[in-house]
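1. Test case, fold it:
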Amino acid sequence: MTDIDSLPLPRRTVPCCGRAAMTTPIRPLSRLNPAELSGTWQVMATTLPFWHGQVAPYIEYQPLPDGRWRDLVHYQTAAGKPRTISGYDQPDPSHPGAFRWRGAGWLAWCTSQWCFVDVDLAVGLALTWFSAATLHVTPSGFDLYSRDASVTPQALLAWLTRVEGHLGRQTSPSWFMPARGQQPERSLRP
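-> Here you go, the predicted model:
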């Protein structure tokens, strides 16, 4: 079985989401069904350093009547304090499946682009890609979501290996699993 750390990152930039750029060869899922993708997704593996030291991260997507999605990022600090980052996702009409995220409240100045790269509703897994946020407060990277927080690392690795064609062929990301309950943060390896 392939080690997750051997999976490559994207390699070139093309216009996407209006003024920003999306790295390709990532192609967003163009046929999104908000009813199927809304709700809670556990962040089970990631390349984003933001999640280092955070515990039990999960995302809630809530479709709104105007076509945007409410985006709530929940996690606990290492000290056990709950935190929420709130924002809104605006679909990009010129790039179906891509979104422009804008923070809410004190984070309204912060934006990034993101998309679902692959989703398997039968097993409840999804791969998302995010651009670097405004002022590079976070770099670009990937999150591997699950509807079920008890999914095994072996199942995550097997599914991610299957979808690795979406990720390009140049640089390997460093995948890790954020801490969950009594389970410490760890690298995702076979």
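2. Helices along the protein, start to end?
-> 34-37, 153-162 (DSSP state H).
3. Provide a list of residue ranges in this protein with pLDDT below threshold.
-> 1-26, 165-173, 189-190 (pLDDT under 70).
4. Could you dump the helices of the chain into CSV and include distance to Leu121 and mean neighbour count?
-> C-beta here means a position set from N, CA and C on the backbone, and glycine is covered the same way. Shown next, in CSV, are the helices of the chain (distance: least, CB to CB, whole Å; neighbours: other CB atoms under 10 Å):
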stretch, distance to Leu121, mean neighbour count
helix 34-37, 6, 12
helix 153-162, 12, 17
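5. okay, these in CSV with distance to Arg27 next?
-> Conversion of the helices of the chain to CSV gives the following (distance: least, CB to CB, whole Å):
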stretch, distance to Arg27
helix 34-37, 16
helix 153-162, 16
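6. These: which one's closest to Ala78?
-> Shortest distance between Ala78 and the helices of the chain, using CB to CB, is found for helix 153-162: 21.2 Å.
7. circling back to that earlier point, just so I know, which of the helices of the chain lies nearest Ser112?
-> Distance to Ser112, taken as CB to CB, is lowest for helix 34-37 among the helices of the chain, at 18.0 Å.
8. What helices and strands are in contact with that closest one?
-> strand 55-63, strand 111-120 (3 or more CB pairs under 8 Å, 6 or more residues apart in numbering; DSSP states H and E).
9. just those strands: most buried one?
-> The highest average neighbour count among the helices and strands packed on helix 34-37, using mean count of other CB atoms under 10 Å, belongs to strand 111-120 at a mean of 20.
10. Packing partners of that one?
-> strand 21-24, helix 34-37, strand 98-103, strand 125-130.
11. try it again with 7 Å
-> For strand 111-120, the elements it packs on are strand 98-103, strand 125-130, judged by 3 or more CB pairs under 7 Å, 6 or more residues apart in numbering; DSSP states H and E.
12. Can you lay out these as JSON lines showing mean neighbour count?
-> Output for the helices and strands packed on strand 111-120, formatted as JSON lines (neighbours: other CB atoms under 10 Å):
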{"stretch": "strand 98-103", "mean neighbour count": "22"}
{"stretch": "strand 125-130", "mean neighbour count": "23"}
